[in-house]
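Trainee: sequence and predicted structure, then a few things I'm wondering about:
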Amino acid sequence: MSVIESFQDGEHVLLIDQRGKRHLLTLRKGETFHSDRGWISHDAIIGHPDGSWLRSSLGMRYLALRPTLAEYVLDMPRGAQVIYPKDLAMILFWADVYPGCRVLEAGTGSGALTLALLRAVGPEGKVITYEQREEFARRALANIRARLGEVTNLAVRFSPVEEGLADEEPVDRVILDLPEPWRLVEPVVKTLRSGGIFLAYVPTIIQSQQTAETLRRHPAYGLVETFETLFRPWNIEASSVRPFHRMVAHTGFITVARRVVPEEENPRE
């Protein structure tokens, strides 16, 4: 049976009020959380178990929870736009990122995908991430450390990915969140192992089309497909059953392909 640990000084907590409004904060002894619904001392949260109910100075109820990874990436500080949890889940599944996997990522951004990859590969795996913009890389590393602490299986490269590919050891997966992923289709061939997976995440169908067509023309790739995911919550309260008026619709397109041995290189039977 797992033990429910109490909130500790220095960790993240998600406070959710009666309206469903969420507040992500870092607990610090002696500090106070303020909102239009009153204040709550951090000391009143520290020492309580995950899932506790608290009341503000105005008597309003708050639920205190340890944030899930999905909740954390939506509310964490960001420099670049983060990939939404609905797309993170699909990326991890369709790229088949597994414990012990070696993943090369390009476009660290605010670190949402890097966080998801690190958790998926586990301590035996490795994530190599490329980010050209130093301010984005600094923010991403701060978000990663705030969530995971110091990690030993993350390598951060402060350069364009095309400049470092030739020096990388073989990887199992290549995941790109870049404006022109088709430019890396050929360079990635020498780094991505046979049977590995190439995945590109882009915002427009024009970018997806060019990526997919480039992959299909290349003899070292097969099983190319493109899709998007839509997320529509539903309201279910007694006899009121209806979809929410707002949904997380299009955010990006995902294109995946398998690295294969070119047909002319297959050994003869």
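Mentor: That came through, no problem.

Trainee: please make it C-alpha for all contacts and neighbour counts, starting now.
Mentor: Will do.

Trainee: what are the bridge partners for residue 255, then?
Mentor: When bridges are taken as DSSP bridges, the partners of residue 255 come out as residue 200, residue 226.

Trainee: residue 18 against residue 60, yeah?
Mentor: Yes - judged on C-alpha atoms under 8 Å, residue 18 makes contact with residue 60 at a distance of 7.5 Å.

Trainee: what is the burial count for residue 241?
Mentor: The tally of other residues near residue 241 (other C-alpha atoms under 10 Å) stands at 10.

Trainee: if we can go back for a sec, neighbour count winner among residue 18 and residue 60?
Mentor: Legend: neighbour count by other C-alpha under 10 Å for residue 18 and residue 60, higher for residue 60 (14 against 11).

Trainee: tell me how far the nearest residue to the more buried one once chain neighbours are set aside lies from residue 57.
Mentor: If you skip the residues right next to it in sequence, residue 60 has residue 37 as its closest partner in space, 6.4 Å away by C-alpha to C-alpha, 6 or more residues apart in numbering. Look at residue 37 and residue 57: by C-alpha to C-alpha, to the nearest Å, they are 8 Å apart.

Trainee: when those two are compared, which one has more neighbours?
Mentor: With other C-alpha under 10 Å as the criterion, residue 37 and residue 57 differ in neighbour count, and residue 37 comes out ahead with 16 against 12.

Trainee: just the pLDDT at that one, thanks.
Mentor: pLDDT for residue 37: 87.

Trainee: what does the one 4 residues further on give?
Mentor: At residue 41 the predicted local confidence, pLDDT, stands at 93.

Trainee: with residue 4 instead?
Mentor: The model reports residue 4 with a pLDDT of 61.

Trainee: contacts only, for residue 142.
Mentor: Contacts here follow C-alpha atoms under 8 Å, 6 or more residues apart in numbering; on that basis residue 142 touches nothing.

Trainee: just to be sure, it is in a helix?
Mentor: Yes - per DSSP: H, G, I helix; E, B strand; the rest coil, residue 142 lies within a helix segment.

Trainee: how close does it get to residue 250?
Mentor: Relative to residue 250, residue 142 is positioned 28 Å away (criterion: C-alpha to C-alpha).

Trainee: what does residue 39 give?
Mentor: Relative to residue 250, and taking C-alpha to C-alpha, residue 39 is found at 37 Å.

Trainee: who's more crowded, these two?
Mentor: Neighbour totals were compared for residue 39 and residue 250, and residue 39 leads with 16 against 12 (other C-alpha under 10 Å).

Trainee: quick check: the more buried one touching residue 60?
Mentor: No - between residue 39 and residue 60 there is no contact under C-alpha under 8 Å: 9.4 Å.

Trainee: flag the shaky bits of this protein, pLDDT-wise.
Mentor: Under the criterion of pLDDT under 70, the regions of the chain flagged as low confidence span 1-4, 265-269.

Trainee: can you tell me who the closest residue to residue 157 other than its chain neighbours pairs with across the strands?
Mentor: Taking C-alpha to C-alpha, 6+ apart, and ignoring the residues beside it in sequence, residue 157 has residue 130 as its nearest neighbour in space, at 4.7 Å. According to DSSP bridges, residue 106, residue 157 are recorded as the beta-bridge partners of residue 130.

Trainee: walk me through the domains of this protein.
Mentor: The record, using automatic domain parsing to delimit domains, assigns the chain the ranges 12-67, 71-265.
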